[in-house]
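Engineer: Give me the fold of what follows.
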Amino acid sequence: MEYISACTLDCPDCCSVIITTDETSPPTIKGNPAHPVTKGFTCQKAKHALSRIAAPDRITTPLLREGSSFIEVSWETALTTIARKIASLQESPERMLHIRGYGFRGVLADTSRYLFRQLGASATRGALCDNAIMEAAEQDFGTIDQNNYTELLNADCIVNWGRDVLRSSIHTAALLKEARANGCKMLSISPVSSEEGMRIHVSDTHIQIRPGTDRFFAAAIIKRLVEGGISDSIIDRISNGSEFIDYINTLNETHLLQACGASKQQLDLATEIFENENMAVSSIVGWGLQRYTYGGENVRYINALCMLSGNVGKKGAGSYCGFCSNRNFNTAWRSGGRNARKLLLPRLADEIFEAGDIDFLWCEGTNIVNQAPDAANIAKAFRTVGMVVVVDAFMTDTAKRADIILPCALMHEREEVLASYYHSYVQYSAKVFDPAGEARSTYDIANDLAQRLGITLPDKEDILTQALSTKVITNLTPNPLQAIRSQGYLSTDRKDIAFENMKFGHFDGKYCCPEALHDEPETNPNYPLSLQSLINKEYEHSQIPEEAQQEVLSAYVHPETLARFNIAGERQAYIVSPVGKLPVKTVHDSSVHPESVVVRRGGWMMFNRCANAIIEAHITDLGENAAFYSQKVRLEPM
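Structural biologist: Residues are numbered from 1 along each chain as shown. Take a look at the predicted model:
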C-alpha cells in the first residue's frame with residue numbers, strides 16, 4: 001500500500017514523500033514524483049525516518065528517574081505525577097518553564113505551547129536559528145517575503161551568500177543546477193570556498209571572505225554603485241535613501257576590503273554583476289551569516305545591495321532570506337492565555353540561574369542541552385529545577401537530565417499539517433504507522449495532561465480545519481482538510497513576485513536602509529580562529545544515532561592554520577575556547593578560510609562531539625539570536 005506523507009524535519013524543502021508498505025518486505029520511502037517541488041527525490045535525512053522509527057534504542061515507555069537511572073512506569077503514573085507538580089505551582093506559574101523547539105514541525109506540534117500559555121507558564125524568547133535574518137527583513141522590507149523559488153530560473157545571475165544548498169536544501173541545489181544549465185551565471189561568496197569537498201554548490205566563481213564579514217563586502221559594492229549614481233526612481237522608494245547614500249560616501253573602500261579580506265579585483269567582479277541594469281540578479285542569503293554578533297547587519301547590507309541595484313520587486317531578482325512557514329495558516333486557535341515571562345533562549349543557562357525559582361520545566365521538540373550555546377552550563381542549570389519533563393524518543397543529552405521522559409510518536413506515526421519556509425505548498429504528513437510501543441503523539445500527551453488539569457484543548461480535527469481556513473487556501477478548495485488528506489499537499493494563491501513595483505510593508509510603503517556599519521568586535525589574540533559548526537549532510541541537527549558518533553569529531557582546517565599551531569599532518573588535537581576544549585581529529589582542507597575551524601553540528605556531549613559545549617552565549621545584534629559563529633578558539637596539539 002502507498003501513503004502520501006511529508007517530512008516534518010526543520011528543513012526548508014518540506015518534502016512530500018511516498019511510503020510503501022506490504023507484509024512481505026520492509027517499508028520504503030521516496031520523494032513524491034507528483035509534488036511540484038519534491039519531484040520524486042528527497043535527501044538522506046528524510047529517508048532516515050524509517051530507521052529512527054525502528055531503532056532498537058528508541059524509548060517507547062514512560063521513564064521515571066530513580067537515583068542515577070530510570071525505571072519504566074505507566075502513563076497514568078507519569079502524567080499524574082506531572083499534573084500534581086503543575087497543580088502545586090498554579091499560584092506561581094512563572095516557576096514553570098515551557099521550552100518548545102523545532103525538532104518536528106507542524107500545526108499540531110504547537111499544542112503544548114497552547115497548554116502552557118493557558119497555565120501562564122514562563123516561555124522562551126529569541127532563537128537558535130533565524131530570528132536575526134527575519135528581524136533584518138522586517139526592518140528593511142517591513143514584512144518577511146521573497147520571490148517564488150521558481151523565479152531563480154528567471155535570473156541572469158545568482159549570487160549565493162554562503163548557503164550550503166547541497167546539505168541544507170537539495171531541491172534548491174537542483175534548481176541552481178538547472179538555472180546554470182540554462183545559462184545563468186553563478187557567484188558564491190563565503191568563508192568556505194567551493195574548490196574541494198566542502199563546496200557550497202557548483203559556481204562559476206567563488207569569492208572567499210573572512211568569517212562574518214559579508215556586510216563589508218556588500219557595503220563595498222554599494223559604495224561603487226553610489227559612485228556610479230543610483231537612480232532617483234530607487235532613491236524615492238527608500239525612506240532614508242538620501243541619508244544612507246551620504247553615509248556610504250563616508251566609508252573607505254580600502255577599509256571595507258581589509259575588513260572582509262577581499263581584493264579589489266574580486267570587488268570589480270561583483271560590482272560588474274550588480275551594476276548591470278540589464279541583468280536580473282537573485283541573492284540567496286545563507287542561514288549561517290546571521291549567526292554572528294552582527295548577523296542582522298550582514299543581512300541588511302545584502303538586502304540594501306539588492307534594493308540599490310534595482311533587484312527588488314521584479315522577475316528573476318530579489319533577496320532570498322526565507323519567510324515564515326506559518327504564513328499560510330490561521331493560527332488563531334492557539335491564541336489566549338499568557339506567558340508569565342520569557343527567558344532568553346540563547347542564554348538559557350544564565351536565565352535559569354538568574355531567575356532562581358524555576359521548579360518545573362517541560363522540554364519538547366528540542367535536544368536543548370545539546371543544541372544551545374553554553375551547553376555544559378545548561379546541563380548544570382537543569383539540575384537546579386525541581387522537576388524536568390522531556391518529551392523525546394531517544395536518550396539524548398537533554399533526556400539524560402530529565403526526571404520524567406515521555407515517549408513521543410515520530411514522523412509518519414502521527415498526523416500533521418505543515419508548511420515550508422522555502423516554497424508555498426502546504427503539506428500533509430500522514431499517520432502511516434501506529435506509534436511504537438506506548439509512544440503517543442504530542443497532541444495526545446498534551447490533551448491527556450490538560451484534562452487532568454481541568455483545561456480543555458481544542459479538538460484535533462478543529463485545529464487542522466481552522467489552521468487551513470485562510471484566503472490563500474480556501475479560495476482554491478471548499479474543504480482544504482479533506483483535499484489535503486487526499487492529495488497530500490495543497491497549493492496556495494501566493495504571488496510570484498514579492499514587493500512588486502517596490503511597494504513595501506512599512507507604513508509609508510517604502511524600503512528602509514541600515515543606519516550604521518559596525519566594525520568586527522576586537523578579539524583576544526589567544527583565540528584567533530572562528531569556530532563554525534556547520535550543517536550536517538546526513539542528519540538534521542542532533543538527530544544522530546549513537547552508532548554514528550563513536551569516532552572522534554572531525555575538524556576541517558586549512559593546512560596553513562595547522563602549521564601555525566604546530567599540528568603536523570592529520571592528527572588528534574583540541575579546539576580550545578575560553579570555556580572549555582573539545583577533542584577533534586584535524587582534517588586538511590584548503591577550502592576552509594585560514595581564520596576558521598569547521599566542524600559539523602549535532603554531535604552529543606556524552607560522546608564528546610558537541611561543539612556547543614565550548615561555545616559561549618553570544619547574542620546577535622537583531623532578533624536575540626544565538627551568535628554561534630562568533631565563538632573564537634585556538635587549536636592545541638593533543
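
Engineer: V17 falls within a helix, correct?
Structural biologist: No - counting by DSSP: H, G, I helix; E, B strand; the rest coil, one finds V17 to be strand, located in no helix.

Engineer: what number of residues lie near it?
Structural biologist: 26 (other Cβ atoms under 10 Å). C-beta: built from backbone N, CA, C; applies to glycine.

Engineer: For it, list each beta-bridge partner.
Structural biologist: S5, G31 (DSSP bridges).

Engineer: quick one: contacts for it?
Structural biologist: Neighbour list for V17: I4, S5, A6, C7, I29, K30, G31, N32, T38, T42, A46 [criterion: Cβ atoms under 8 Å, 6 or more residues apart in numbering].

Engineer: Can you tell me how far the fourth one is from S429?
Structural biologist: When Cβ to Cβ, to the nearest Å is the yardstick, C7 and S429 sit 7 Å from each other.

Engineer: which residues do the two both contact?
Structural biologist: Here C7 and S429 have M411 as joint contacts, going by Cβ under 8 Å, 6+ apart.

Engineer: quick revisit: in a markdown table: the contacts of V17, plus distance to F244.
Structural biologist: Below are the contacts of V17 laid out as a markdown table (distance: Cβ to Cβ, whole Å):
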| residue | distance to F244 |
| --- | --- |
| I4 | 49 |
| S5 | 48 |
| A6 | 42 |
| C7 | 41 |
| I29 | 50 |
| K30 | 49 |
| G31 | 44 |
| N32 | 45 |
| T38 | 41 |
| T42 | 43 |
| A46 | 43 |
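
Engineer: By neighbours, which of these wins?
Structural biologist: Per-residue neighbour counts (other Cβ under 10 Å) across those peak at A6, which has 31 neighbours.

Engineer: Tell me the first helix or strand C-terminal of the least confident helix or strand in the chain by mean pLDDT.
Structural biologist: Taking mean pLDDT, DSSP states H and E as the measure, the helix or strand of the chain with the lowest value is helix 165-168, at a mean of 89. Per DSSP states H and E, helix 165-168 leads on to helix 170-181 as the next helix or strand towards the C-terminus.

Engineer: Quick check: buried residues in that following helix?
Structural biologist: Residues I170, H171, T172, A173, L175, L176, A179, R180 are the ones in helix 170-181 that count as buried (16 or more other Cβ atoms under 10 Å).

Engineer: In a markdown table: these, plus distance to C321.
Structural biologist: Formatted as a markdown table, the buried residues of helix 170-181 follow (distance: Cβ to Cβ, whole Å):
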| residue | distance to C321 |
| --- | --- |
| I170 | 19 |
| H171 | 17 |
| T172 | 13 |
| A173 | 18 |
| L175 | 17 |
| L176 | 17 |
| A179 | 19 |
| R180 | 22 |
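
Engineer: ok, these vs I144, which is closest?
Structural biologist: Distance to I144 across the buried residues of helix 170-181 (Cβ to Cβ) is lowest for T172, with 18.0 Å.

Engineer: Quick check: M502 vs S92, distance?
Structural biologist: Distance, M502 to S92, using Cβ to Cβ: 51 Å.

Engineer: can you tell me which helix or strand the residue of the chain most remote from its centre belongs to?
Structural biologist: Within the chain, the residue lying farthest from the chain centre (Cα atoms, centre = their mean) is T24, at 38.8 Å. For T24, there is no enclosing helix or strand under DSSP H and E.
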